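Student: My questions concern the predicted model and sequence given below.
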Amino acid sequence: MSCPFAHDDAAYVLGALSPAERLDFERHLTGCEDCTRAVRELAGLPGLLGRVEASILEHPPVDEPVPDTLLPTLSREVRSVRRRRTLAAAGLAAAVAAVIVSVVVSQVGDGPASTRDVPVASSSPSGAVAETMDPVGDVPVRASLTFEQVTWGTRLGLICTYDPDTVDYQLPPAVDYTLFVRTRDGRTEQVGSWRSVGGRTMRLSAATAASREDIASVEVRTPDGLVVLELAA
């Protein structure tokens, strides 16, 4: 390919580009149909990677390193699946409604943190203002959320704190949570999952192909589907 950004599509979808590289690529997307189509075709790649059990990521095998061909193979497989779906749907909503998920969870503090430490009016590097999610009942988790409109959909930034000491009942030291997006046409999409450890603040980056205007609400749920936090968008 002659396009200088032709090999940045997978790294962009996975969130592996630096902030400057990401900005350059997003500016390029507005005028390049080939790269925009490539990003949509790779929308399912983070979802495939998201199926990996958390325990595998926390304790990866040391005797069988991941082959260098893994990412190119997954990229080709996702492109193949996306093309078949596009043909089956006569080139309509399959490419548009696909969820783009790129989840990167990282600890932003090693010491104890109260749920009151979650910022409620901070800004992301892109300038998006964080909105506080509303707790559903007496729950030990608090979070704030940002929305960033991009060419291919919406990027979400979540800062979440789990503190079991804030409730009167016994809770485990760590809990798994999932992030869901509800769209105005009635669809529900899982866009991320992570494990919260008591007293630690976690940062989650996720994305969806839905535009900011199409998002009706965002929910944080437990693995059994219980909604613990929600934000009406």
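Tutor: Cool, got the structure. Note that this is a predicted model, so its numbers are computed, not measured.

Student: contacts and neighbour counts: CA atoms only from here.
Tutor: OK.

Student: Buried residues, the one helix or strand A38 maps to. List them.
Tutor: Using DSSP states H and E, the element containing A38 is helix 33-41. Neighbour counts using 16 or more other C-alpha atoms under 10 Å place C35, T36, A38, V39, R40, E41 of helix 33-41 among the buried residues.

Student: Keeping just the C-alphas, turn it into PDB.
Tutor: Coordinates of each C-alpha in helix 33-41 appear next as PDB, following Å, rounded to 0.1, in the frame of the first residue of the first chain:
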ATOM      1  CA  GLU A  33     -11.600   5.700   3.100                       C
ATOM      2  CA  ASP A  34      -9.200   2.700   3.000                       C
ATOM      3  CA  CYS A  35      -8.000   3.300   6.600                       C
ATOM      4  CA  THR A  36     -11.500   4.100   7.900                       C
ATOM      5  CA  ARG A  37     -12.700   0.800   6.400                       C
ATOM      6  CA  ALA A  38      -9.700  -1.100   7.900                       C
ATOM      7  CA  VAL A  39     -10.500   0.300  11.300                       C
ATOM      8  CA  ARG A  40     -14.100  -0.900  11.000                       C
ATOM      9  CA  GLU A  41     -13.000  -4.300   9.800                       C
END
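
Student: Which elements pack onto it?
Tutor: helix 9-13, helix 70-88, helix 93-97 (3 or more C-alpha pairs under 8 Å, 6 or more residues apart in numbering; DSSP states H and E).

Student: where does this protein have its least confident helix or strand?
Tutor: Least confident helix or strand, the chain: helix 93-97 with a mean of 38, by mean pLDDT, DSSP states H and E.

Student: what residue ranges in the protein score low on pLDDT?
Tutor: For the chain, the stretches with pLDDT under 70 are 1, 45-127, 164, 166-171.

Student: now do 50
Tutor: Applying pLDDT under 50 to the chain picks out residues 89-125.

Student: in stretch 140-156, what's buried?
Tutor: 140-148, 150, 152-156.

Student: what comes up buried for the helix or strand where E189 lies?
Tutor: In the assignment (DSSP H and E), E189 maps to strand 188-197. By neighbour count on 16+ other C-alpha under 10 Å, the buried set for strand 188-197 is T188, E189, Q190, V191, G192, S193, W194, S196, V197.

Student: ok, for the last one, nearest residue in space, not its chain neighbours?
Tutor: Using C-alpha to C-alpha, 6 or more residues apart in numbering and skipping the chain neighbours, the partner closest in space to V197 is A174 (4.3 Å).

Student: That neighbour is in contact with R200, isn't it?
Tutor: No: applying C-alpha atoms under 8 Å, one finds A174 not in contact with R200, separated by 9.8 Å.

Student: Tell me which of those two has more neighbours.
Tutor: R200 (20 against 15; other C-alpha atoms under 10 Å).

Student: roughly how far apart are that one and L226?
Tutor: 22 Å (C-alpha to C-alpha, to the nearest Å).
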